[in-house]
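# Sequence first, then the predicted structure, then my questions.
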Amino acid sequence: VADGGSTDGTPEVAARFPRVQVLSCARGRGRQMNAGALASRGELLVFLHADTRLGSDHLDTLRRLVREPQFAAGAFVFSLYPELPVFRVIAWGVNLRGRLLGLPYGDQALTVRRSLFLELGGYAHRRPEDLDLVLRLRRHTRLRLVKPPVATSGRRWLAEGYVRTTLKNWLFLACHLLERTFTRRWPERGELEEVGGGGGQGAQPPAPSPTPPPPTP
């Protein structure tokens, strides 16, 4: 868990689980995910947003993918909770975009082979860091959508409206693609080196947060 200075007790709750490592790092999704990647040791890096759920079936899929040498990057099929008819329509559109355009987003648990992630320099430290990484990944491999679907909270659609939120997402995508086409604001590499003090295989992870002792029963 890469914590960016939260005040809701996230580090304390996460530290109750003995196999969870808690990191303190600068706030920002790109920075936090880069910090988590450097602190990890696995061959596959799975970037899980706080409002996205993974279950045992997803872990079985990841174990299978790590044994497939040809798998380099991908994401899970998208779904939203709570289960509402309108959310099924939205999820259908998201998955269609992922299949036809090869553009899954960060709330689909992006999964990248460690060597490729390091080669690309990890995430950028400004938004949309997930879309930027996906576009750079597409130059090296075909991103695969895998099942079972991963469930992400639909709270943003519920709070801001179904149509408005969906249109904002598509407008954001269009603006980013135009920016990449007509400007040089997005470099070929991410900003992993800024977190690791040099990046690459020898980069050092940030220091973990002090882990408080588990609560007594």
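On my side now, so go ahead.
# ranges for the strands of this protein?
Assignment of strands within the chain using DSSP state E yields the ranges 2-3, 23-24, 44-47, 52-53, 73-81, 110-113, 144-153.
# how about the longest one: buried residues?
Neighbour counts using 16 or more other CB atoms under 10 Å place 144-146, 149-153 of strand 144-153 among the buried residues. C-beta coordinates here come from the backbone N, C-alpha and C atoms, glycine included.
# now the residues you listed in JSON lines, with distance to Ala75 and pLDDT?
What follows is the buried residues of strand 144-153, written out as JSON lines (distance: CB to CB, whole Å; pLDDT from 0 to 100):
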{"residue": "Arg144", "distance to Ala75": "8", "pLDDT": "96"}
{"residue": "Leu145", "distance to Ala75": "6", "pLDDT": "96"}
{"residue": "Val146", "distance to Ala75": "8", "pLDDT": "97"}
{"residue": "Pro149", "distance to Ala75": "11", "pLDDT": "97"}
{"residue": "Val150", "distance to Ala75": "8", "pLDDT": "97"}
{"residue": "Ala151", "distance to Ala75": "13", "pLDDT": "96"}
{"residue": "Thr152", "distance to Ala75": "11", "pLDDT": "97"}
{"residue": "Ser153", "distance to Ala75": "17", "pLDDT": "97"}
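# Quick one: those as a markdown table, columns for distance to Leu110 too.
Shown next, in a markdown table, are the buried residues of strand 144-153 (distance: CB to CB, whole Å):
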| residue | distance to Leu110 |
| --- | --- |
| Arg144 | 11 |
| Leu145 | 11 |
| Val146 | 11 |
| Pro149 | 15 |
| Val150 | 10 |
| Ala151 | 16 |
| Thr152 | 12 |
| Ser153 | 17 |
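# I'd like the average pLDDT over stretch 127-138.
With pLDDT averaged residue by residue, stretch 127-138 scores 96.
# can you pull the buried residues of that stretch?
Neighbour-count burial for stretch 127-138 flags 128-137 (criterion: 16+ other CB under 10 Å).
# Beta-bridge partners for the most centrally placed residue in the chain, please?
Residue closest to the average C-alpha location in the chain (CA atoms, centre = their mean): Phe47, at 3.6 Å. Taking DSSP bridges as the rule, Phe47 bridges to Leu110.
# For Thr183, see how far away it is.
In this structure, Phe47 and Thr183 are 26 Å apart, going by CB to CB, to the nearest Å.
# Same question for Leu96.
Counting by CB to CB - Leu96 and Thr183 are separated by 28 Å.
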